[in-house]
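**Student:** Starting from these lines, generate the structure:
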Amino acid sequence: MARGRRDNSSPGAGPRGRAATAALLLSLTSIGQAHTAPADEPASAAAEAKIAPSKCDRGKFRIILDVGHTAESYGAMSSRNVPEFEYNLNLGRRIEERLRADGFSQTFLMVTEGKARPSLMARVARANKRGADLFLSIHHDSVPDIYAERWEFGGKKSSFNDLFGGYSVFVSQRNPRYSESLRFARLLGNQMAGQELIFAHQYDQWFMGKYQRPLLDSDAGVYRYDELIVLKMTTMPAALLESGSIINRDEELVMASDEHRNKVATAVTSAVTEFCEARGPAPPLAAQPPQPNAAQPGKPAKPAHRVAQPRIAQPKKRAAQKR
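**Tutor:** Sure, this is the predicted structure:
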């Protein structure tokens, strides 16, 4: 989410980057001590959850998996010069496969084209027109430019930072269904932790500068980022997942592995299942026209049966014809 190096390469920080990175060591050492790991779910509670009858109609539950960025505006560049978009697409496909295999046949993998800003508005418009019960945007993380260091891989110059790592989940308080968004984000974060994945602890720290975000759940790794367009402008519950850091050289290898993708796909599917089980009635499709008798904003609902309106005099003969 630290997107200082999104779509264009920037000059390396060099000695400045190394100095800034070194200054973080003391702060980073203390961060992990401030957050506690989530407790394991009691076996009895898990058993009861399996026995309880399902309230979730998986075949009707609509999920939009948004592949972050585009081939043209690819997001961050990994420590081995692989565009973030490729990581997002590969992970999105794996999650889609798992969800469909588990019965969520209405899963839609949304891939967007174009430049950065127009593509953001286009994906929001597509999502809102399509309508869904849940929106999840798939991303991989980087770092602010000041913390990037230079190295060479495969004969090409690149950037890295091995101090930052871990997943994170973001929500926007400006989403019209914020409480549901937060509930799903917590479910997802807890499922990620259950896969023995560690969340990124740095986002609520002072040294993140303009990228600092409020930490909402220290067990699940959920942060608030109100201005994210795909979260604040979508009309359904929405969250954004940063699966891990691709500028961390060791973690990038993990991000590229089938094992990690399977862990994330399992976490997402479990969180979606829990969310579906607990949710209320599904909202109507956004593209559906309103029913004739549905109440319009600021107007009372029309009666289902015909009655004479007080201010309209109906001729007796015409009324008889209608009957």
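**Student:** Who are the contact partners of residue 264?
**Tutor:** Applying CB atoms under 8 Å, 6 or more residues apart in numbering to residue 264 gives the contacts 91, 94-95, 167, 192, 195, 197, 241, 243. C-beta here means a position set from N, CA and C on the backbone, and glycine is covered the same way.
**Student:** Got a quick ChimeraX command for the buried subset of the residues you listed?
**Tutor:** Selection of the buried residues among the contacts of residue 264 in ChimeraX, burial being defined by 16 or more other CB atoms under 10 Å:
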select :91,94,95,167,192,197,241,243
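**Student:** Distance to residue 54, secondary structure and pLDDT added to the contacts of residue 264, as TSV?
**Tutor:** Supplementary listing: these in TSV, determined by distance: CB to CB, whole Å; DSSP: H, G, I helix; E, B strand; the rest coil; pLDDT from 0 to 100:
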residue	distance to residue 54	secondary structure	pLDDT
91	27	helix	98
94	24	helix	98
95	21	helix	98
167	28	strand	98
192	23	helix	98
195	23	coil	97
197	27	coil	97
241	25	strand	98
243	28	strand	98
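**Student:** Now tabulate the contacts of residue 264 in JSON lines and tack on distance to residue 57.
**Tutor:** Formatted as JSON lines, those follow (distance: CB to CB, whole Å):
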{"residue": "91", "distance to residue 57": "26"}
{"residue": "94", "distance to residue 57": "24"}
{"residue": "95", "distance to residue 57": "20"}
{"residue": "167", "distance to residue 57": "29"}
{"residue": "192", "distance to residue 57": "25"}
{"residue": "195", "distance to residue 57": "26"}
{"residue": "197", "distance to residue 57": "29"}
{"residue": "241", "distance to residue 57": "24"}
{"residue": "243", "distance to residue 57": "28"}
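**Student:** And the strands in the protein, which stretches?
**Tutor:** Taking DSSP state E, the strands of the chain run over residues 62-67, 106-110, 134-141, 149-153, 156-160, 168-171, 215-217, 222-224, 238-245.
**Student:** For residue 230, which of those is the nearest?
**Tutor:** Closest to residue 230 of these, according to CB to CB: strand 134-141, at 5.1 Å.
**Student:** what bridges to the residue lying closest to residue 108 once chain neighbours are set aside?
**Tutor:** Excluding its sequence neighbours, the residue lying closest to residue 108 (CB to CB, 6 or more residues apart in numbering) is residue 64, at 5.2 Å. With DSSP bridges as the criterion, residue 64 is bridged to residue 108, residue 135.
**Student:** re earlier: nearest to residue 230, of the contacts of residue 264?
**Tutor:** Of all those, residue 230 sits closest to residue 241, with 11.7 Å by CB to CB.
**Student:** distance of that closest one from residue 137?
**Tutor:** For residue 241, the distance to residue 137 equals 7 Å [CB to CB, to the nearest Å].
**Student:** Low-confidence stretches in the stretch 201-323 of the chain?
**Tutor:** 280-323 (pLDDT under 70).
**Student:** how many other residues sit next to residue 162?
**Tutor:** Residue 162 is flanked by 15 other residues according to other CB atoms under 10 Å.
**Student:** Please read the previous query as pertaining to residue 66.
**Tutor:** Residues near residue 66, counting by other CB under 10 Å, number 25.
**Student:** before we move on, what about the one 10 residues further on?
**Tutor:** By other CB under 10 Å, 28 other residues sit near residue 76.
**Student:** Model confidence at it, what's the number?
**Tutor:** In this model, residue 76 is scored at 95, pLDDT.
**Student:** Residue 205 versus residue 243, what's the distance?
**Tutor:** 21 Å.
**Student:** can you check residue 187 too?
**Tutor:** For residue 187, the distance to residue 205 equals 25 Å [CB to CB].
**Student:** Which one's more surrounded, the two?
**Tutor:** The neighbour comparison of residue 187 against residue 205 (other CB under 10 Å) goes to residue 187, with 23 against 18.
**Student:** residues touching the more buried one, list them.
**Tutor:** Neighbouring residues of residue 187 by CB under 8 Å, 6+ apart: 220, 270-271, 274-275.
**Student:** Skipping its backbone neighbours, what lies nearest it in space?
**Tutor:** In space, residue 187 is closest to residue 271, 4.1 Å off (CB to CB, 6+ apart).
**Student:** Could you do residue 148 as well?
**Tutor:** Once flanking residues are discounted, residue 148 sits nearest to residue 159: 4.1 Å by CB to CB, 6+ apart.
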